[in-house]
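K.L.:
A predicted structure for the sequence below; I have some questions about it.
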2 protein chains.
Amino acid sequence: MSGMPSPVLLLLRSPAARDGAPSGYDQVDPAAPVANALDLGITRGDGIFETITVIGGIPQALDAHLARLERSAAMLDLPAPDLPAWRSTVFAAVDAHTDVPEAFVKLLYSRGIEGSDAPTGWVWMQQSGDFTRERSEGIDVVLLDRGYPSTVAETSPWLLQGAKTLSYAINRAALREAKRRGADDVIFVSSDGVLLEGPTANVILKLGDRLVTPKPDLGILPGTTQHSVFDIAKLNGYATAYETLTPADLRRADAAWLVSSVRNAAPIRSVDGAPRALDAQLTASINSGLAARTT
Amino acid sequence: MSGMPSPVLLLLRSPAARDGAPSGYDQVDPAAPVANALDLGITRGDGIFETITVIGGIPQALDAHLARLERSAAMLDLPAPDLPAWRSTVFAAVDAHTDVPEAFVKLLYSRGIEGSDAPTGWVWMQQSGDFTRERSEGIDVVLLDRGYPSTVAETSPWLLQGAKTLSYAINRAALREAKRRGADDVIFVSSDGVLLEGPTANVILKLGDRLVTPKPDLGILPGTTQHSVFDIAKLNGYATAYETLTPADLRRADAAWLVSSVRNAAPIRSVDGAPRALDAQLTASINSGLAARTT
């Protein structure tokens, strides 16, 4: 982080919903330790998070991210988060951080210290890296087996598919496997051959005059950036749809992207080493639209 | 932890292997925070752990636990742990802790602060809870779908099946599902109908004069306690085997246990609400044998 402004770290005093006014936060040294050795966030990956882009001081799609935080909490049987407290802490982080063109805030909400019944919550803010190259030149992806059938969210909710949990070791391992194969990122495929999502991104295909993304009931994360891209696409005259897609659809698509907070829309320039077409104009239009969000 | 002696927390100065002598540890206040907000252990569940029972000052099956720590690290592409440093820190924790009949040490090894290339490692020690009831009266288990086929460890190593990672949110969710169903614990079943393991335990069946456990290549954790139980069983005249088992085998078994560090051997007294036989004498013999381990 040399040359970057100092990150900001705010600890929520009461991250779970309770009676009374939001209880505020404490600003602490971002380099100081904040999690106890018995925090279930670290001992068991038992918690959730959100990452939100901040452009020109505006946390983008904040409502959607907070709604997803609440949804993930419910899937993990965590106490409902105090959304007004989280919202005001996000804005406090933005106020406390040096103005930069692109930054992000990360919301972390864990079950807290084992046996305490007191969840842990904090908001971290730092300047974003530079994703100009990924957004313009595109990324190479590989397809990796996710192991689960596409019905798993419906049949086996304890597998937490579709929740944004702190238990992301598999997502990290999949990205290392992609690097080993000379690629930048991953798209997971279900054991029954359905296109799912990236480890930290949603996939969107351009099929003719439609933008199409996998249906969220396939056990994938409902994407806040994907949702914004669909809004932008509609303004640009595209139809949008949620469908069951396959790797063959990815290969035949006129264009394809992995979309996520921070990196925004990264066009996919190859799949398992096979080059595929980019749509530079539409990509630029989508990324401009994402950067111009005012809420 | 009221009434219990104070836990002990030792931070390793250099948990990864390096040239030179082990670099030692720092004893810190167990109630003070120790993990940075960017520690990948908490932000991504990107790390591993071991839990080791300590009886009468002896960390049981320490070599097996350290070997598994090394194996899990390799599966996650973590730097190889400095096993002599971990070993001496475990003994230092035992020395620093008040003598109690049963305690455990927990080894936590994470990838460390994002971008730092410096892993985090600590050893936590505390007195164990009382598992007399579970060991004598038994536990009620439910079978839950693990979602993966039994071939997943072989076909898809990035899914990290068989590694003891910090990404245990699913294991915690499965245990909550068991409670909702009125049970104490879970045995996972693969999508192709093979008996796997519990969220934090291995399953052992008594089939005639044999003790049988699922084969480790099914994507389950190789059990240190299970291995000790097999040693004890052989001394008691039982044959032992690693096999592909099914829920039908569990139902027809003469006796069955979930075995793990700390709780040791807990006989299974019902499966999905259907009572099954206990073998009180063999259970007592196994738990005596486990408590009497000298290494």
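P.N.:
On my side now, so go ahead.

K.L.:
and the closest residue to residue A:237 other than its chain neighbours, how many neighbours?
P.N.:
Distances taken as Cβ to Cβ, 6 or more residues apart in numbering or on different chains place residue A:209 nearest to residue A:237, at 7.6 Å, with adjacent residues excluded. C-betas here are computed from N, CA, C, even on glycine. Residues within reach of residue A:209, counting by other Cβ atoms under 10 Å in any protein chain shown, total 10.

K.L.:
gap between residue A:209 and chain B?
P.N.:
36 Å (Cβ to the nearest Cβ, to the nearest Å).

K.L.:
Quick check: that residue touching residue A:239?
P.N.:
Yes - between residue A:209 and residue A:239 a contact is recorded at 6.3 Å, counting by Cβ atoms under 8 Å.

K.L.:
Just say helix, strand or coil for the residue in chain A that chain B sits nearest to.
P.N.:
Going by Cβ to the nearest Cβ, chain B is nearest to residue A:45 of chain A, at 2.9 Å. When classified by DSSP: H, G, I helix; E, B strand; the rest coil, residue A:45 comes out as coil.

K.L.:
which residues does it contact?
P.N.:
Contacts for residue A:45 (Cβ atoms under 8 Å, 6 or more residues apart in numbering or on different chains) come out as A:165-169, B:44-45, B:165-169.

K.L.:
ok, back up a step: for the residue nearest to residue A:237, which residues are in contact?
P.N.:
By Cβ under 8 Å, 6+ apart, the neighbours of residue A:209 are A:237-239.

K.L.:
quick one: which of those is most hemmed in?
P.N.:
Within the contacts of residue A:209, neighbour counts (other Cβ under 10 Å) peak at residue A:238, which reaches 18 neighbours.

K.L.:
What residues are bridge-paired with the spatially closest residue to it that is not a sequence neighbour?
P.N.:
In this structure, residue A:238 finds its nearest non-sequential neighbour in residue A:211, 5.2 Å apart by Cβ to Cβ, 6+ apart. In this entry, residue A:211 is beta-bridged to residue A:206, residue A:240, by DSSP bridges.

K.L.:
So residue A:211 sits against residue A:240, correct?
P.N.:
Yes - in this structure, residue A:211 is within contact of residue A:240 by Cβ under 8 Å, at 5.0 Å.

K.L.:
More neighbours: which of these two?
P.N.:
Between residue A:211 and residue A:240, counted using other Cβ under 10 Å, the more crowded position is residue A:211 (25 against 17).

K.L.:
Next up, phi/psi of the nearest residue to the residue of chain A closest to chain B once chain neighbours are set aside, please.
P.N.:
What sits nearest to residue A:45 in space, not counting adjacent residues and going by Cβ to Cβ, 6+ apart, is residue B:45, at 2.9 Å. Here is the backbone geometry of residue B:45 (degrees, to the nearest 10): phi 60, psi 30.

K.L.:
how near is residue B:45 to residue A:236?
P.N.:
Distance, residue B:45 to residue A:236, using Cβ to Cβ, to the nearest Å: 38 Å.

K.L.:
Then residue A:153?
P.N.:
Using Cβ to Cβ, residue A:153 is found at 31 Å from residue A:236.

K.L.:
Quick one: list the elements packing against the host helix or strand of residue A:84.
P.N.:
Secondary structure from DSSP states H and E places residue A:84 in helix A:83-96. Packing partners of helix A:83-96 (3 or more Cβ pairs under 8 Å, 6 or more residues apart in numbering or on different chains; DSSP states H and E): strand A:8-12, strand A:25-28, strand A:58-59, helix A:62-75, strand A:102-110, strand A:120-127.

K.L.:
again, 7 Å this time
P.N.:
In terms of contacts (3 or more Cβ pairs under 7 Å, 6 or more residues apart in numbering or on different chains; DSSP states H and E), helix A:83-96 is packed against strand A:8-12, strand A:25-28, helix A:62-75, strand A:102-110, strand A:120-127.

K.L.:
Give me the mean pLDDT for the third one.
P.N.:
So that's helix A:62-75. Across helix A:62-75, pLDDT averages out at 98.
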